[in-house]
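Asker: structure of the sequence below:
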Amino acid sequence: MEFGEKLKKLRTFRGYGVNQLALKSGVSASQISRFEKGERKDPTLETLKKLSLALGVSISYFEENSPVKTELIPDWANEEDLIELDKLLESNVNIAYGGETLTDEEKQRVKDVLTGLFWEFRKEDKSKEK
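Answerer: Okay, here's the model as predicted:
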């Protein structure tokens with residue numbers, strides 16, 4: 001799925017109009033519209049960061065081969081949290097259990113569980129800071 005398709009799918013899933021996302025992200029409504037229509041395909045890293053933060057997903061969500069998911073990163077997460085999660089999920093480590101290397105599907109399931117745990121721990125850390 002193309003970047004613009006993922007952007008639109010997630011924007012509508014979140015219940016945002018183009019103008020709402022523009023206000024929340026700091027990316028112009030016209031630029032968002034061009035991405036969604038496929039008129040513009042390659043956002044800058046800065047634009048990706050802004051959109052990812054506004055929509056509550058990691059930058060890797062928008063990678064070409066990344067599946068579209070509806071499990072979302074919590075609203076309280078900030079950009080630093082997103083970058084840490086990216087480092088965790090993007091590390092190129094072979095995962096095995098009981099001496100057996102996991103398939104890509106099994107790895108994704110493990111990553112999904114780790115993502116949930118990661119955000120649970122981060123929420124606890126943020127609660128302690130207050």
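Asker: just the strands from the chain, written as ranges.
Answerer: 96-97, 100-101 (DSSP state E).
Asker: rank these by mean pLDDT and give me the bottom one.
Answerer: Mean pLDDT is lowest for strand 96-97 among those, at a mean of 68.
Asker: which residue ranges form the helices in this protein?
Answerer: For the chain, applying DSSP state H gives helices covering 3-14, 18-25, 29-37, 45-55, 79-90, 104-129.
Asker: go through the longest one and flag the buried ones.
Answerer: When burial is assessed from 16 or more other C-beta atoms under 10 Å, helix 104-129 yields the following buried residues: 115, 118, 119, 122. Bear in mind the C-beta positions are built from the backbone N, C-alpha and C, glycine included.
Asker: where does the prediction get shaky in this structure?
Answerer: For the chain, the stretches with pLDDT under 70 are 1, 64-97, 124-126, 129-130.
Asker: one more time with 50
Answerer: 66-71 (pLDDT under 50).
Asker: and residue 21, how far is that from residue 41?
Answerer: Applying C-beta to C-beta, to the nearest Å, the value for residue 21 to residue 41 is 18 Å.
Asker: repeat that for residue 51.
Answerer: Counting by C-beta to C-beta, the gap from residue 51 to residue 41 is 14 Å.
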